[in-house]
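*Asks:* following is a predicted model, sequence given first.
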2 protein chains.
Amino acid sequence: MDESALFALSYGMFILSTEADGIKNACIVNTVAQVTQDPIRVSLTILKKNYTTELISKSNKFSVSVLSKKASLDTVAHFGYSSGRNKDKFEGIDYKIDGINNPIVENDCIATMSCKVVQTIDLGTHLLFIADVVEANKLSKDEPMTYSYYRDLKAGKVSNQSKTEENKELEKEEKPLYECVVCHYIYDGDIPFEDLPDDYLCPICHKPKSAFKRIN
Amino acid sequence: MDESALFALSYGMFILSTEADGIKNACIVNTVAQVTQDPIRVSLTILKKNYTTELISKSNKFSVSVLSKKASLDTVAHFGYSSGRNKDKFEGIDYKIDGINNPIVENDCIATMSCKVVQTIDLGTHLLFIADVVEANKLSKDEPMTYSYYRDLKAGKVSNQSKTEENKELEKEEKPLYECVVCHYIYDGDIPFEDLPDDYLCPICHKPKSAFKRIN
């Protein structure tokens, strides 16, 4: 089986946020899709180990901000490359509170949706949530960021208007990039990936170094 | 609620095929996503009323061909704009039989996956299948067709190398295009959409004329 065939599937890029018992958190996901029109429901698939998943399991609600193609990689890095268990990801960030009391990011995004979970399906490593969309707002006519575009952006194959100095530097160096095939975290540390210790674990899903594949 | 916000979600475009009791069928879907890596599983959401859904419910297997960005609109029209209840969609079409005895299309596609259903979730109007990927092949390094690109192609906003004379004509005329928001069928008849009778029903999901929205 050629697992790379799975990379031919298309996804968007989203900031997923929630609030449970007064604790706010958010992360980056690529698996939100509309599943029915009547009622308007979406599905969200997410790794069980994520802190956001834990909070959604308590709160039974989540909100989705659709990232713009023009969004800065810094925004993805801010919400995606660390766990909210150790820091408040909303500190110093501009956000709103939606109608279901979730924090919701609008900057760098083209649409938002507020969702109430109606069904949770256990998929082993992941949970699949089915949720009613109770609020939806279109913010911009810009194109959404696809996961494929994000990978190209990260790998320096394309650039967008929000490219930071840090990312320009990255492009210049053609640094090899390694991605965790389980949770899609892209290693971005100062130590070359090959030089990481053998017991290195993905900081997001805790899979071993062998779960990483070079993507550029 | 601004329902147009839902259009900001990203999807791919796929030929979905199956075989049950010797009957082969295929249709076009945009909702296939990987849900777990260990084991490698995908989700597929599809309208219950589709003939392909009926066959998958019997056979518990389906195959997915990821359409290329270069795919002809004729290919989408062939598999997507009619029901297999009335015709054999594979007649005169070049296809293979995969390891789980499904017909599978490779022309105009960049990857294929053969999947065995492990769980079926009833979502009211739709079924959500969770399936093990048992075979996967990468066919080309070309980009996948996204649903957004397909809409632009159909509306004549972009063109690809496989553009047919019929589609060039469409672009020239800037014909208004209407899409069923339920099943995403795009009306493409000779009678202007506005002139269709009030009791017109979507030929795919049988929703009323009011379920259609202009997309260009």
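*Replies:* Nice, I can see it.
*Asks:* what's the neighbour count on A:D190?
*Replies:* Here the number of neighbours of A:D190 (other Cβ atoms under 10 Å in any protein chain shown) works out to 4. From N, CA and C alone the C-beta is placed, and that goes for glycine too.
*Asks:* what segments of chain A are helices?
*Replies:* A:51-59, A:73-80, A:147-154, A:165-173 (DSSP state H).
*Asks:* so how many other residues sit close to A:G189?
*Replies:* The local packing of A:G189 (other Cβ under 10 Å) involves 11 other residues.
*Asks:* the bottom helix or strand of chain A by mean pLDDT?
*Replies:* Of all regular secondary-structure elements in chain A, judged by mean pLDDT, DSSP states H and E, the least confident is helix A:165-173 with a mean of 51.
*Asks:* just list the residues touching the spatially most central residue of chain A, thanks.
*Replies:* For chain A, A:I28 is the residue whose C-alpha lies nearest the centre (Cα atoms, centre = their mean; 1.6 Å). If you count contacts by Cβ atoms under 8 Å, 6 or more residues apart in numbering or on different chains, A:I28 has them with A:M13, A:F14, A:I15, A:L16, A:V76, A:F79, A:G80.
*Asks:* tell me the domain ranges of chain A?
*Replies:* For chain A, whose domains are defined here by automatic domain parsing, the residue ranges read A:10-146, A:148-214.
*Asks:* which of the ones you listed sits closest to B:V66?
*Replies:* When the domains of chain A are ranked by proximity to B:V66, the top entry is domain A:10-146, at 8.4 Å, counting by Cβ to Cβ.
*Asks:* hang on, the earlier thing: which among the contacts of A:I28 end up buried?
*Replies:* Neighbour-count burial (16 or more other Cβ atoms under 10 Å in any protein chain shown) applied to the contacts of A:I28 gives A:M13, A:F14, A:I15, A:L16, A:V76, A:F79, A:G80.
*Asks:* ok, which pair from those is furthest apart?
*Replies:* Pairwise distances across these peak at 12.3 Å for A:L16 and A:V76 (criterion: Cβ to Cβ).
*Asks:* just name the most buried of the domains of chain A.
*Replies:* Each of the domains of chain A was scored by mean neighbour count; the highest is domain A:10-146, a mean of 20, by mean count of other Cβ atoms under 10 Å in any protein chain shown.
*Asks:* quickly note the distance from A:I104 to A:A136.
*Replies:* 11 Å (Cβ to Cβ, to the nearest Å).
*Asks:* list residues touching both of these two?
*Replies:* Applying Cβ under 8 Å, 6+ apart, one finds that A:I104 and A:A136 are jointly contacted by A:T112, A:S114.
*Asks:* mind listing what the residue nearest to A:H206 when sequence neighbours are not counted touches?
*Replies:* In space, not counting the residues next to it along the chain, A:H206 is nearest to A:K49; the distance is 6.7 Å by Cβ to Cβ, 6 or more residues apart in numbering or on different chains. For A:K49, the contact set (Cβ under 8 Å, 6+ apart) comprises A:I204, A:C205, A:H206.
*Asks:* ok, so of these, who is nearest B:T36?
*Replies:* Within the contacts of A:K49, the smallest distance to B:T36 is 11.3 Å, found for A:C205 (Cβ to Cβ).
*Asks:* which of the buried ones among the contacts of A:I28 are close to chain B?
*Replies:* Residues shared between these and the neighbourhood of chain B: none [Cβ under 8 Å from any Cβ of the partner chain].
*Asks:* what residues does stretch A:183-198 touch?
*Replies:* In this structure, residues lying in contact with stretch A:183-198 by Cβ under 8 Å, 6+ apart are A:30, A:47, A:50, A:77, A:80-81, A:147, A:154, A:176-180, A:202-205, A:207, A:209, A:212, A:214-215.
*Asks:* quick one: low-confidence parts of chain A?
*Replies:* Under the criterion pLDDT under 70, the flagged ranges of chain A are A:161-174.
*Asks:* which residues in it form strands?
*Replies:* For chain A, applying DSSP state E gives strands covering A:14-20, A:23-29, A:32-37, A:40-47, A:61-67, A:96-97, A:103-104, A:109-122, A:126-138, A:178-180, A:186-187, A:212-214.
*Asks:* export those to a markdown table and tack on distance to B:L6?
*Replies:* Output for the strands of chain A, formatted as a markdown table (distance: least, Cβ to Cβ, whole Å):
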| stretch | distance to B:L6 |
| --- | --- |
| strand A:14-20 | 13 |
| strand A:23-29 | 16 |
| strand A:32-37 | 5 |
| strand A:40-47 | 7 |
| strand A:61-67 | 10 |
| strand A:96-97 | 19 |
| strand A:103-104 | 16 |
| strand A:109-122 | 7 |
| strand A:126-138 | 6 |
| strand A:178-180 | 28 |
| strand A:186-187 | 28 |
| strand A:212-214 | 32 |
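*Asks:* among these, which comes closest to B:D132?
*Replies:* Closest approach to B:D132 among these (Cβ to Cβ): strand A:126-138, 14.3 Å.
*Asks:* on that earlier part again, okay if I get the domains of chain A as CSV plus distance to B:I100?
*Replies:* Putting the domains of chain A into CSV (distance: least, Cβ to Cβ, whole Å) gives the following:
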stretch, distance to B:I100
domain A:10-146, 21
domain A:148-214, 24
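*Asks:* which among those domains is found nearest to B:F62?
*Replies:* Nearest to B:F62 among the domains of chain A is domain A:10-146 (16.7 Å), distances taken as Cβ to Cβ.
*Asks:* which ones are touching A:A5?
*Replies:* Contact analysis of A:A5 by Cβ under 8 Å, 6+ apart lists B:V66, B:A111, B:T112, B:M113, B:A136, B:N137, B:K138.
*Asks:* measure the fourth one to chain A for me?
*Replies:* What it means is B:M113. When Cβ to the nearest Cβ, to the nearest Å is applied, the distance between B:M113 and chain A equals 6 Å.
*Asks:* wait, that residue touches B:S63, no?
*Replies:* Yes: at 6.7 Å, B:M113 and B:S63 qualify as touching, with contact defined as Cβ atoms under 8 Å.
*Asks:* just grab the bridge partners of the nearest residue to A:S59 once chain neighbours are set aside for me.
*Replies:* The spatially closest residue to A:S59, leaving aside those adjacent along the chain, is A:A20, at 3.8 Å (Cβ to Cβ, 6+ apart). Beta-bridge partners recorded for A:A20 (DSSP bridges): A:I23.
*Asks:* cool, thanks, talk later.
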